[in-house]
Every structure is written in structure tokens, then in C-alpha cells.
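**Q** structural data only, the sequence is not supplied:
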């Protein structure tokens, strides 16, 4: 598998894990030392979040964001991947359906992931 195909595979697996809430599989997608940041867009009631640390720490943080929803379903478009040496910059578009039962709200949104992969 090429480097770009391997990165694309990680992104597809991430979306699948989030949609299924398959938490035992999530940490394996992150490097041993990782970071993840969420910047909410318009209409999102969550505050921004950033998690850093071990893959397990980051996976727990991501889970805490998703668990605050009663439904979260993402569809990802193929990503643009630019590789330079040992790093890759990745941009991918997504569409998301989110339901927050505690607020009796349903949100449909679109956005972009901007990732740096080492």
C-alpha cells in the first residue's frame, strides 16, 4: 500500500469507528504521542477541545466529545494528502449529522479536517 493510500485508510477507519462508536479500535489510529483538536463551527454548542498525550489519552478525549451526542454520523470525502519527508499534511471534507438529545437538537453541518501526520 502506498503512503497516501495508507493515510486515506486511516481516515476512512476513523470515520467508521466514530459512526459505530467502536471505542476499543480508536487508539490504534493515533501515534504513541498524539494530539486531536476540535474547533466547533456555527450552530455547534460544544466548546473547542484539544487532547494531547498518549494514543489512549487522545482516544478517551475524542470519545468524550462523541459521547456527548446521542447520534453522530460522519461522511468523509477523499482527502488531499501532501507528503514531505516524514510528515503529511491532510485536508478532507466531511458532512455530519449530530443529535444532542439533552438539548433536543439535531444539527447537520459540513466542515473540513486539517491533519498533520507524522
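**A** Yes, it's here. From a predicted model like this one, the values you see are computed outputs, not experimental measurements.

**Q** identify the residue nearest the spatially most central residue of the chain in space, chain neighbours excluded?
**A** Residue closest to the average C-alpha location in the chain (CA atoms, centre = their mean): residue 14, at 6.3 Å. In space, residue 14 comes closest to residue 29 once its chain neighbours are excluded; the distance is 5.6 Å by CB to CB, 6 or more residues apart in numbering. Glycine gets a C-beta too; all of them are placed from N, C-alpha and C.

**Q** these two touch, right, the one you found and residue 13?
**A** Yes: using CB atoms under 8 Å, residue 29 is in contact with residue 13, at 6.1 Å.

**Q** overlap of the contact sets of those two?
**A** The contact sets of residue 29 and residue 13 do not overlap (CB atoms under 8 Å, 6 or more residues apart in numbering).

**Q** low pLDDT regions in this protein?
**A** 41-47 (pLDDT under 70).

**Q** now do the helices in it.
**A** 3-20, 55-67 (DSSP state H).

**Q** now do the first one: distance to the chain's middle.
**A** On the basis of CA atoms, centre = their mean, to the nearest Å, helix 3-20 is displaced by 9 Å from the centre of the chain it belongs to.

**Q** now do the shortest one
**A** In terms of CA atoms, centre = their mean, the gap separating the centre of helix 55-67 from the centre of its chain is 10 Å.

**Q** please name every helix or strand in contact with it.
**A** Packed against helix 55-67 by the contact rule (3 or more CB pairs under 8 Å, 6 or more residues apart in numbering; DSSP states H and E) you find strand 33-38, strand 49-54.

**Q** contact partners of the first one?
**A** By that I understand strand 33-38. So strand 33-38 is contacted by 30, 46, 48-55, 58, 61-62, 65 (CB under 8 Å, 6+ apart).
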